[in-house]
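> sharing a model that was predicted from the sequence below.
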Amino acid sequence: YQRRVHGHPFQFKLNGYTNMTNDKYLKKLEGFDTSFYDVKAAVEDITPGSFEKLNYTSRVLAENLLRKCPSEDLEDSLVQLIEKRTDKDFPWYPSRVVTHDILGLTALVDLAGLREAVAAEGGDPKKVNPVVPTQLIVDHSLAVECGGFDPDAFQKNRDIEDRRNADRFHFINWTKEAFDNVDVIPPGNGIMHQINLEKMSPVIHNIDGIASPDTLVGTDSHTPHVDALGVLAIGVGGLEAENVMLGNPSYMRVPDIIGVNIIGVRAEGITATDIALSMTSFLRENNVISAYLEFYGEGMKYLNLGDRATIANMTPEYGASAGMFGIDEQTLDYLTLTGRESEQVKLVEAYAKANGLWATDLANATYSRVLTFDLTEVTRSLAGPSKPHKLVPTSTLKAEGITDNTVEIGETDMPDGAILIAAITSCTNTSNPRNVIAAGLVAKKANELGLKRKPWVKSSLAPGSKIVEEYLKDANLLPELEKLGFGIVGFACTTCNGMSGALDPAIQKEAVDNDIYTTAVLSGNRNFDGRIHPYVKEAFLASPPLVVAYALAGSIRFDIEKDSLGTDANGNPITLKDLWPTDEEINAVEKASVRPEMFGAIYDPMFAKSALSDIEISPFNQNKK
């Protein structure tokens, strides 16, 4: 079956990939009953001494060519990578497709239509399935209609979501059972990128006795989130994802691959969000548009996997296509922490070291250019308004004209710069336990000192996975957040995606009638004008603990570093430094409350296939006994 898209053939294959391998480069992986394609041997056969100069991305792409490219095209394709040439297209076969419910649904509707076409020609419609494993996560449909100060917000928001999307969800649920090679994570379970990071990516596959790197395309610009694990993941449009889903390669030329050398020492109290926002501003200034970035350097030891994921998630905000990190001990520690099987962790280590993907094996890798980023220079920061790369260190708020000490902020009347929305949202930050724990500790200290959220602030906590709820409960920090109105409103892409829900009508009316300059503060990755809410004039990005602090302040005109949030029992002013946790406090909670068994308890049932032995699933979306 074939149709044409934009004038080019668009094909799918009923019987899967053609077996095109270059078996002379197959080698046994020591200690495992599996083999791998030896990239170094293949590259050195063409140009002796060239392998050590290949960067991480090129090594991953070279392996893909060895495993998938026709033998007659192999040398020409590898030469493109070795010599960094861009005069020839070469095929890339991603091993997975990850999609959310918006573009994923349209792709599966196309497949259902193809089944009808095949059946009309006398074929078997059940043979029409994705060739490449496809994972659809329903995470783009939930709006925060009920804020985190409502104890029933989660269920109310989910009920509204189900009611608004009944037909869509019915179809999506059918696809899970009707199609082979399709996994569906139903609504209310998390965000595609965080689930991909915590569960779905094996980092290294072991399929039919062949070990290979995990690679994928995803129908969302923040798909590079999982690049933090050393997984080449690219955000693409729906048609390109569908093309890959149906077994076709994604053709590419050697991208502009830039090295980012991270140096310096991370200061006390600096969050991963501060680093990511600073990095975004830095990279925008250095014009990395469409490039593939590789982060490395001495400063990497100060960035755990969660920190790296926060940086990688911001890839589209700094304009790149990928933000890669090499595989190292931090990678293995994270895989262990998130409950991956010990044999899988050992496989990742053995393969990375055998095939040149271990971080220390890339010391002589070359790039089109190298940028140097100093962690020492990172300070507590916001980004905005309107632009995620517009960095505003909190020490410069007055100089930037954001704060105004003439604005009076009381407890009832909405002030100039009123923060109408304060949201701990997005996988950007909620996939990093230290960020969320820091927010919980700020809330705990605020409660102890008797501080309250301002009444016009619609606050919410929407984690990217259910793991967050588990460790916050274990650390007794969820009740602290709930007291300030940061109860869990859903596990989905919410405020960051513009799904912030309705404001209280009285608050909205007051803002409109008085033409108040209204703002939002969120721990997401996008803050464009009009994106967060139509009645929010400008929005700022911030770390989760800073979001909590701003909910207490109530106005962006408040100088968050200097102004008093209230007074303690002795009449002393309370400022941000009185609430901010130490790194030692955060680390202690993370060590005690984030445990591997939590991930298994959440994800094992989530990914279990349902038993349908007594039900025949129609290939045309009609269940029958």
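Good, I have the coordinates.

> so residue 290 sits right up against residue 255, yeah?
Yes: counting by Cβ atoms under 8 Å, residue 290 touches residue 255, with 7.3 Å between them. Every residue, glycine included, has its C-beta placed from N, CA and C.

> common neighbours of the two, please.
Shared contacts of residue 290 and residue 255, defined by Cβ atoms under 8 Å, 6 or more residues apart in numbering, comprise residue 321.

> so for these two, which residue has more residues nearby?
Comparing residue 290 with residue 255 by other Cβ atoms under 10 Å, the one with more neighbours is residue 255, at 19 against 11.

> name the nearest residue to the more buried one, sequence neighbours excluded.
residue 292 (4.7 Å; Cβ to Cβ, 6 or more residues apart in numbering).

> tell me what that neighbour is bridged to.
residue 257, residue 322 (DSSP bridges).

> which SS class is the closest residue to residue 364 other than its chain neighbours?
Nearest residue to residue 364 in three dimensions, chain neighbours excluded: residue 52, at 4.5 Å (Cβ to Cβ, 6+ apart). Under DSSP: H, G, I helix; E, B strand; the rest coil, residue 52 falls in the helix class.

> my guess is residue 52 contacts residue 82, does it?
No: contact criterion Cβ under 8 Å: residue 52 and residue 82 do not qualify, at 11.5 Å.

> between these two, tell me which one has more neighbours.
Neighbour totals were compared for residue 52 and residue 82, and residue 82 leads with 20 against 15 (other Cβ under 10 Å).

> so the more buried one touches residue 46, yeah?
Yes: if you go by Cβ under 8 Å, residue 82 and residue 46 touch, sitting 6.2 Å apart.

> quick one on the thing from earlier: list the contacts for the residue nearest to residue 255?
57, 255-258, 320-322, 324.

> need the max-distance pair from the residues you listed.
Pairwise distances across the contacts of residue 292 peak at 13.2 Å for 256 and 324 (criterion: Cβ to Cβ).

> those two: which is more packed in?
Each of residue 256 and residue 324 has its neighbours counted (other Cβ under 10 Å); residue 324 has more, 27 against 17.

> by contact count, what packs against the longest helix seen in the chain?
Assignment by DSSP state H gives helix 101-120 as the longest helix of the chain. Judged by 3 or more Cβ pairs under 8 Å, 6 or more residues apart in numbering; DSSP states H and E, helix 101-120 is in contact with strand 134-137, helix 166-178, helix 238-245.

> what about the shortest one, average pLDDT?
Strand 134-137 shows a mean pLDDT of 96 in the predicted model.

> okay, that strand in CSV with CA atoms only?
These are the backbone C-alpha positions of strand 134-137, laid out as CSV (Å, rounded to 0.1, in the frame of the first residue of the first chain):
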residue,chain,number,x,y,z
THR,A,134,5.0,2.9,19.3
GLN,A,135,4.2,4.3,22.7
LEU,A,136,1.3,6.8,23.1
ILE,A,137,0.9,8.7,26.4
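
> and for residue 163, the neighbour number?
Residue 163: 8 neighbours (other Cβ under 10 Å).

> measure it to residue 100 for me?
As for residue 163, its distance to residue 100 is 20 Å (criterion: Cβ to Cβ, to the nearest Å).

> for the protein, which element, helix or strand, carries the lowest mean pLDDT?
Of all helical and strand segments in the chain, the minimum by mean pLDDT, DSSP states H and E falls on strand 2-5, at a mean of 37.

> okay, now the unreliable bits of this structure?
1-21, 609-617, 620-625 (pLDDT under 70).

> so what's residue 573 closest to, chain neighbours aside?
residue 564 (3.7 Å).

> check residue 66 too.
Excluding its sequence neighbours, the residue lying closest to residue 66 (Cβ to Cβ, 6+ apart) is residue 37, at 4.0 Å.

> that neighbour bridge partners, please.
Beta-bridge partners of residue 37, counted by DSSP bridges, are residue 26.

> again, but for residue 520
Where residue 520 sits in a bridge, its partners, by DSSP bridges, are residue 421, residue 539.

> got a list of what it touches?
Contacts of residue 520 (Cβ under 8 Å, 6+ apart): 419-423, 495, 500, 527, 532-533, 536, 538-540.

> buried only: go through those for me.
Taking 16 or more other Cβ atoms under 10 Å as the criterion, what is buried in the contacts of residue 520 is 419-423, 495, 500, 527, 532-533, 536, 538-540.

> I'd like these laid out as CSV, including distance to residue 438.
What follows is the buried ones among the contacts of residue 520, written out as CSV (distance: Cβ to Cβ, whole Å):
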residue, distance to residue 438
419, 19
420, 24
421, 20
422, 15
423, 16
495, 19
500, 23
527, 21
532, 22
533, 25
536, 25
538, 25
539, 21
540, 18
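
> what about the helices in the stretch 351-500 of the chain?
427-430, 433-448, 467-474, 478-483 (DSSP state H, counting those that start in this stretch).

> buried ones in the last one?
Buried positions in helix 478-483, judged by neighbour count with 16+ other Cβ under 10 Å: 478, 480-483.

> likewise for the second one?
Of the residues in helix 433-448, 433-447 count as buried by neighbour count, 16+ other Cβ under 10 Å.

> could I get the contacts of residue 292 as CSV with distance to residue 348?
Below are the contacts of residue 292 laid out as CSV (distance: Cβ to Cβ, whole Å):
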residue, distance to residue 348
57, 18
255, 24
256, 28
257, 23
258, 25
320, 25
321, 24
322, 19
324, 15
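
> sorry, back to before: out of the helices and strands packed on helix 101-120, which is the most enclosed?
strand 134-137 (a mean of 26; mean count of other Cβ atoms under 10 Å).

> elements contacting it?
strand 96-100, helix 101-120, strand 182-185, helix 192-195.

> so what are the sheet partners of it and their directions?
Strand 134-137 is paired, per DSSP bridges, with strand 96-100 (parallel), strand 182-185 (parallel).

> chain center to it: distance?
Centroid displacement of strand 134-137 relative to its chain, using Cα atoms, centre = their mean, to the nearest Å, is 14 Å.

> what does that strand contact?
So strand 134-137 is contacted by 96-101, 104-105, 107-108, 172, 175, 181-185, 189-192, 195-196, 200, 245 (Cβ under 8 Å, 6+ apart).

> what are the contacting residues of the next helix or strand after that strand?
Moving toward the C-terminus from strand 134-137, the next helix or strand (DSSP states H and E) is helix 153-164. Contacts with helix 153-164, where a contact means Cβ under 8 Å, 6+ apart, come from 141-147, 150, 169, 187-188, 460, 487-490, 501.
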